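Novice: Sequence and predicted structure below; questions after.
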Amino acid sequence: MNAAIVGQMVVSGALMGLVYALIAYGFQLTYATSKSINFGQGEMVMVCAFFSLTLTNLGLPYWLMVPGGLFFGVLLGLFVERAAVRLALEQKSEGWILLTIILGLFFFSAAENIWGRDDRPFPTPIPSEALHVFGISITPLEISVAVGVFAIMGVIELFKRKTLLGRAFEAVSVDRDAAELMGISATHTVMLSYGLSGLSAAVAGILVSPITTVGPTMASVLVLKAFSVAVVAGLDSGFGVVLVGLFLGSLESLTSFYVGSGWREAPGLVLLILALAVRPTGLFGKTVIRKV
Amino acid sequence: MVKRMLLIHGAEVLALFLLAAVPLLVKNPFALGLLTLLAIYGILLIGLDVTVGYLGQINLAQAAFLGLGAYTAGLGVTYFHVGMFIALAASFVIGLVFGGLLAFPALRLEGPQFALATLSFSALVATGLNEWESVTHGAQGLSLMRPPVFGVTLSAQGFYWLCLIVLALVWMAMQNLLTSQWGRALEALRDSPIATDAMGIGTYRHKAAAFAFGSALGGLAGGLYAFNFQYLQPQSFVYELMVILLLGVVLGGRKNLWGAFLGAMLIVLLPNLLSNRLLFQVFSFTGLAIAVMAGGRAYLRKTTRPFQALAPIVAMGLLVLVAIFVQNIEDLRRAIFALMLFSVVVGLPEGLMGFAARFLSKLFRVAPASLAEAVPLASVLAKRESDGSTLLELRELKRNFGGVRAVDGVSMMVRCGQIHGLIGPNGSGKSTLVNVISGLYAPSGGTILLKKAQLPTGSLYRAAQKGISRTFQNLQIFSELSALDNVMVAMKDTYHKGLPLVLLGLGRREERYAQSRALALLELVGLCDEARTPAKDLPYGAQRFLEIARALARNPDLLILDEPAAGLAHPDVKKLVEIIRNIHHIGITTILIEHHMEVVSELCDVVTVLDGGLVIAEGKPEDVKRHPKVIAAYLGTTARSSR
C-alpha cells in the first residue's frame, strides 16, 4: 500500500474525528452536571448551521455571523433544558431520553420545512486551496476546524477551572447534593451546562458546514459517531474524547477507502458495542463504587 | 372466582372474537390490511414493552429487530424456499440470538448508555442491510412470495387470521411470564438491582433473557411483516420507525398488554389520520381540549407543576395551528409526531391504559385470588444441628478504597449455629466487611472460606448461591412488590421450570407452592396479615422485618443482619429480638451488626469488635464490654493514639 495515501486518509479522517470529539464534548458537559445528555444534539448542530447560513445570506459578515450563531446555540441549549430535561430530572425519571429525542425530531422537521430538504453550500472566507506537507494535502479549512475545536474546548475548560461560576459547575459535577447544601443552585448549573453544550453544537455546526454543506441530514451521521466517541471515551473524561475522536476518524476514513464507503459508519458502531462490553464506563471513565 | 375470570379474561376473549369476526362482516381490503398491520404491530410493541416498560430502559433497537426478522423470513423464502412456519421460527430465533448478543454488553449499562448502545445497533443493522447488496439487494429492495401453509395458499383474510392467532399466543405467553417468578424478578430488579443479586435471583440474567425475548418478538413480528408486504426495503426500519414505536408504547401505556395493543392501533391509524385534513383538524382540536381540561384541572388542584400542565397545552396548540394553517400536513409528519409524543410524555406519563386502569379498577373491584395455606415453618427452614464447627473463616481480609484502608487485615471465625455480633464505632469497617463477605465488594486481599471452601468473591449473586443471605443497613426492599411477593421472589429451590415451560403456562403449581412457603416466613416475622400490602406502604419497622423474611427465603447457611435495629422504635426492637431468637432456635448462623448494646448483649454468643479496620477484641459480650481497648475505641481516651 502507498504510505502517502494512508497518511492522507489518516490526517483527513482525524480532522473529521475532531468534529465528533467536539459534539461528544457537548454530551460530556451536560452529563457532568445532570447525568443526562441531549439525544437531539445532532439536530442542534444542524439548526445552528442553518441559522448561521441565514445570517450570512442576510448580509452579515463572517465575523459577525459567528457570534450570532453561537448565541443562537446557547438559546437552543437553554430551551432544550427547560422543555425536555428539567421536569424529568425533578421527577428522577429517565423521561429526558425520550423528550430530547422528541425535540430533535421536532427541530429536524422544522428545519426541513423552513429551509428545505436540499443541501446548500456554506460560504466561508477561509480559503480551501490545499497545502502540501510531506505529500499530504491539507486545506486551511480543515486546519480551521482543528483550531476551532481546540479553541472552544480550551476556553470552556479554562472557564471551568479559573472562574467562580466554573468552579460551581465542577462542584455540582462532583457531588450535586453537597454543592446544593453549599448554596450552589444545581438547576442553574444544569442550565449553564446546557447553554455551553448548545454553544459547542453551534461551533461544530459553523466549523463543519463549509466542508459537509448544510442540509437537514448533515448531522445525523456526525452525531452517531459522536455518540460512539463519547461512550468509548467515557462520559466523564474531557480529553479522552479528543484521542478517541482522532482515532475513530482516521479508522473510518481507512475503512471507507479499503472496504467501501457504505461501511464507513461500521467501525464506530462496532467499536462502541465492543467498548461497552469490555469497559462499560469508557476507556477513560471512572468506575463508580456502589454503596448500600 | 367466576366473576374474576370473566372480568379479567372476558375482555380479551371478546376482543379476539370481534377482531376475528370483522373480515366476515366487512369485506374491505383496506380495512383488512389495517387489521393485519394492527396484529403485527401488536406483537412488536408487546416485545418492545418488555424493555421499555418492564426493564425501564429506553430501547431504540426494536425497529432493527423488526428489520432483521423481516429480512430473515424474506431471504429464507427467497433463497431456501422454506415454508412459512419455518421462516417465522427463523425470524424469532434471529431476534433471540441478536437480542442475546446485544444484551450481553448493553445490559451492563443504564439509562443513556443503554439507549446509545441500542441506537448504534440499529444503525449497524441498517448499514448492513443496505450495504450487503449481493444478498439483500440493498436499497433496491427485496421482493418475496408468501409461501403456502400446509399446501394451502393463504388469502389476505387467512393471513390476517394467522397474524391474529400469533398475537393471541404471544399475549398468553406474556401473561404467563408476567404472573410467574419472571414477572416478579423483573419488577424486583428495577426496584433494587443490588438486592436482586444479593437474593440470588440474578439481575443480569433476567435482564438479558427478558431483552432477548422482547427482541425475539420483534423478529417474529418482522417475519409476519415480510409476508404481509412481500416487499422489503432497508429504509423502512430506521430511526423514524423507532420513534413511532416508542410513541405507541408510551401513549398506550407501559407495562401493559392492552397498552401495547392501543399503541399499535394508534401507529396503524396515524398515517391515515395525516392523509385526511378534516380528520386531523378534529383530532388536533380534541387533543387541545383534553390537554386544556386535564392540565387546567391538575393545575387548579395543584397536583402537578405548572410546566407539566402548560407544556402539553402549548404543544397541542401548535398542533392545532398546523392543522389550520398548513396545507400539506404530510410535510410536517415528524413535527406532528414530536408534538404528540411530547404532550403524552409530559402530561400523561403513564399512558392511556395507565390512566384508564385507575378508573377501571375503581369501577370493577375484583377480589384477588385467595392465598394458599401457609405450610409449617419447619418444612421451609429445617432445624439444623449446630455442632459448633467453623462455618465461615476470614483470613487477613482487606479492602481499600484508594488510600483508605476500610478493612485492614481482619481474621475471624464464625461458628455454626451461633449469633456472632460485629460491633465498633462508626467508620470502623463493619459494613465494608460484610459487604466484602456478601460479595458486593471484591476484597483487596485475604481469603474467605465458607464450610472450608473458598467463597467466590466480588459477586453478590454467586455468594448468594453459596448460601449467604443478608439484609441491608439502608433498606433495599422491592418497594413495588407486595410483602408476599418480596419473599416469594427470593425463594430458593422452588422454581425449577425453565422459561419455555413458564411461557406455556406450566408454572402454576410451583407458584402455589412458593406462596405457601413464603407465607410461613411472613408468619415468622409477624407480617401474615400484610401479605398483599405493597412493600412501600408498610411502616418502617415492618419493612425491616420483611427484609429479614426475604433473606430467610434463601434458606441460608449464613445470615447477615446489617444493623436491623437502626431507626426502630422500642416495641419494634423487642419484636426484632424475638425474631432473631427464633431464627437462632432454628439453628441458622447469623452475623449481627448492631449499635444497640442491649440487643447485642442479649442475643450474641460471641462479639467481635472492629476499629479502624482491625479486630481489637473478641469474646463473650460481657467480657468484651470491659475490654480496655473497646472502651477506648468508643469513648476515645488517650489509649487510642497508642494503638
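Specialist: Structure received.
Novice: For the rest of this, base every contact and every neighbour count on C-alpha atoms.
Specialist: OK.
Novice: Following element in sequence after the one helix or strand B:A226 maps to, please.
Specialist: Using DSSP states H and E, B:A226 maps to helix B:203-229. Per DSSP H and E, the first helix or strand lying C-terminal to helix B:203-229 is strand B:231-232.
Novice: Just the mean pLDDT for that next one, thanks.
Specialist: Mean pLDDT, strand B:231-232: 88.
Novice: Name every strand pairing with it and say which way it goes.
Specialist: Strand B:231-232 pairs in its sheet with strand B:142-143 (antiparallel), by DSSP bridges.
Novice: Could you check the helix holding B:A226 and say which residues are buried?
Specialist: Under the neighbour-count criterion of 16 or more other C-alpha atoms under 10 Å in any protein chain shown, helix B:203-229 has B:203-204, B:206-228 buried.
Novice: from the chain's centre, how far out does that helix sit?
Specialist: Here helix B:203-229 is found 17 Å from its chain centre; the criterion is C-alpha atoms, centre = their mean, to the nearest Å.
Novice: Over to stretch B:89-106?
Specialist: How far stretch B:89-106 lies from its chain's middle: 19 Å, per C-alpha atoms, centre = their mean.
Novice: is chain A contacted by that stretch?
Specialist: Yes: residues of stretch B:89-106 contacting chain A under C-alpha under 8 Å from any C-alpha of the partner chain: B:F104, B:P105, B:A106.
Novice: Contacts only, for the residue of chain A found nearest chain B.
Specialist: Evaluated by C-alpha to the nearest C-alpha, chain A has A:A277 as its residue closest to chain B, separated by 4.1 Å. Going by C-alpha atoms under 8 Å, 6 or more residues apart in numbering or on different chains, A:A277 touches B:F104, B:P105, B:A106, B:R108.
Novice: quick one: which of the residues of stretch B:89-106 next to chain A is most hemmed in?
Specialist: For the residues of stretch B:89-106 next to chain A, the largest number of neighbours (other C-alpha atoms under 10 Å in any protein chain shown) sits with B:A106, at 24 neighbours.
Novice: isn't it right next to A:L274, touching?
Specialist: No: the pair B:A106 and A:L274 fails to qualify as a contact (C-alpha atoms under 8 Å) at a distance of 9.7 Å.
Novice: what's the overlap in contacts for these two?
Specialist: Common neighbours of B:A106 and A:L274 (C-alpha under 8 Å, 6+ apart) do not exist.
Novice: Could you tell me which residues make contact with residue 20?
Specialist: I went with chain A, as the question did not name one. Counted by C-alpha under 8 Å, 6+ apart, A:Y20 has contacts A:L222, A:V223, A:K225, A:A226, A:V229, A:G245.
Novice: Oops, wrong one, chain B.
Specialist: Counting by C-alpha under 8 Å, 6+ apart, B:A20 touches B:W161, B:L164.
Novice: So which other helices or strands are in contact with the helix holding B:A226?
Specialist: Using 3 or more C-alpha pairs under 8 Å, 6 or more residues apart in numbering or on different chains; DSSP states H and E, the elements in contact with helix B:203-229 are helix B:29-49, helix B:62-80, helix B:84-106, helix B:181-191, helix B:193-198.
Novice: swap the cut-off to 7 Å and go again
Specialist: helix B:29-49, helix B:62-80, helix B:84-106, helix B:193-198 (3 or more C-alpha pairs under 7 Å, 6 or more residues apart in numbering or on different chains; DSSP states H and E).
Novice: tilt between it and helix B:62-80?
Specialist: Using axes from the mean of the first three to the mean of the last three C-alpha atoms, to 10 degrees, the direction of helix B:203-229 lies 60 degrees away from that of helix B:62-80.
Novice: any idea how far the residue nearest to B:L220 when sequence neighbours are not counted lies from chain A?
Specialist: Nearest residue to B:L220, sequence neighbours excluded (C-alpha to C-alpha, 6 or more residues apart in numbering or on different chains): B:F92, at 4.5 Å. Distance of B:F92 to chain A, given as C-alpha to the nearest C-alpha, to the nearest Å: 23 Å.
Novice: Now that B:F92 has come up, it's in contact with B:G219, right?
Specialist: Yes: assessed by C-alpha atoms under 7 Å, B:F92 is found in contact with B:G219 at 4.9 Å.
Novice: Which residues are in contact with each of those two?
Specialist: Taking C-alpha atoms under 7 Å, 6 or more residues apart in numbering or on different chains as the contact rule, B:F92 and B:G219 both touch B:G69.
Novice: secondary structure class for the residue in the stretch 451-600 of chain B positioned nearest to chain A?
Specialist: Residue nearest to chain A within the stretch 451-600 of chain B: B:N474 (6.1 Å; C-alpha to the nearest C-alpha). Taken by DSSP: H, G, I helix; E, B strand; the rest coil, the conformation at B:N474 corresponds to coil.
Novice: Just the pLDDT at it, thanks.
Specialist: pLDDT at B:N474 comes out at 88.
Novice: Next: the one 4 residues further on.
Specialist: For B:F478, the pLDDT comes out at 92.
Novice: what does A:K286 give?
Specialist: On the pLDDT scale, A:K286 gets 68.
Novice: ditto for B:L162
Specialist: What the model reports for B:L162 is a pLDDT of 92.
Novice: Now it: which helix or strand?
Specialist: Using DSSP H and E, B:L162 sits within helix B:156-178.
Novice: what about B:G100, how many neighbours?
Specialist: Around B:G100 there are 21 residues (other C-alpha under 10 Å).
Novice: What residue, apart from its backbone neighbours, is nearest it spatially?
Specialist: B:A212 (4.8 Å).
Novice: for B:L154, same thing?
Specialist: Closest to B:L154 by C-alpha to C-alpha, 6+ apart is B:P148, at 6.3 Å.
Novice: any idea how far chain A is from the one you found?
Specialist: In terms of C-alpha to the nearest C-alpha, B:P148 sits 36 Å off from chain A.
Novice: Run a quick neighbour tally on that residue.
Specialist: So B:P148, with other C-alpha under 10 Å, has 14 neighbours.
Novice: domain parsing for chain B?
Specialist: B:32-270, B:276-366, B:378-640 (automatic domain parsing).
Novice: Just name the most buried of those.
Specialist: domain B:32-270 (a mean of 22; mean count of other C-alpha atoms under 10 Å in any protein chain shown).
Novice: With that, I have no additional questions.
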